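> I'd like to go over a predicted model; first the sequence, then the structure.
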Amino acid sequence: MLAVDTNVIVRYLVRDDRGQAERTDDLIRNNRIWITKTVLLETEWVLRDTYSLERQRIANLLRAVAGITTVQVEDEVEVASALDWFAAGMDFADALHLASSTRTLEFATFDRKFVAKAARLTPFRMLALR
């Protein structure tokens, strides 16, 4: 299995450099690929900040890459939940933090917007700190 960096996933998704896109195609087609949650997190940020892609487009792209038969995503169930919450309006980093906390009873934060969105979208008990 071959772990890949954010730039590999971004090149594969945005295809803004033909040569690099072709190399990523070959890499993904001919290897078992491992994508960490941190690479997905950074990929979302790059797609949003550098490429100005909209939330739904980013969620669809990340789901598409995660669905490739040669790709395995770290904590795929948690990532799927995080992508659902992200698509519904939650910040992707917050969604990943929350989805990665399934072994806990509560999630504490000072971020009241996060608390409100999480209460609406997830089964987590949120603890709003003051």
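Everything's here; your move.
> which residues sit against stretch 114-123?
Here stretch 114-123 makes contact (Cβ atoms under 8 Å, 6 or more residues apart in numbering) with 81, 85, 88-91, 94, 98, 107, 109, 124, 126, 128. In short, each C-beta sits where N, CA and C put it, glycine included.
> So which residue is smack in the middle of this structure?
Leu40 (4.2 Å; Cα atoms, centre = their mean).
> Would you confirm that that residue contacts Val73?
Yes - the pair formed by Leu40 and Val73 meets the contact definition of Cβ atoms under 8 Å, at 7.0 Å.
> Wait, a helix at Ala116?
Yes - assessed with DSSP: H, G, I helix; E, B strand; the rest coil, Ala116 lies in a helix.
> and the gap between it and Ala82?
From Ala116 across to Ala82, the span is 17 Å (Cβ to Cβ, to the nearest Å).
> Which one of the two is surrounded by more residues?
Neighbours per residue (other Cβ atoms under 10 Å) separate Ala116 from Ala82, with Ala82 holding more: 28 against 12.
> Quick check: pLDDT value at Arg120.
On pLDDT, Arg120 comes in at 88.
> Now it: phi and psi?
Main-chain dihedrals, Arg120, degrees, to the nearest 10: phi -80, psi -30.
> Look at it and say how many residues are nearby.
Arg120, neighbours per other Cβ under 10 Å, totals 11.
> how close does it sit to Arg112?
13 Å.
> And Ser81, by the same measure?
22 Å.
> okay, the two: which has more neighbours?
Set side by side, Ser81 and Arg112 show more neighbours around Ser81, with 20 against 12, by other Cβ under 10 Å.
> quick one: the more buried one and Ser101 touch, right?
No - counting by Cβ under 8 Å, Ser81 does not reach Ser101; the two are 10.8 Å apart.
> Do a quick rundown of the helices in the protein.
6-14, 18-30, 37-49, 55-66, 76-87, 92-99, 112-121 (DSSP state H).
> burial measure for the closest residue to Val10 other than its chain neighbours, as a count.
Excluding the flanking residues, the one nearest Val10 by Cβ to Cβ, 6 or more residues apart in numbering is Val46, at 5.4 Å. Neighbourhood size, Val46 [other Cβ under 10 Å]: 18.
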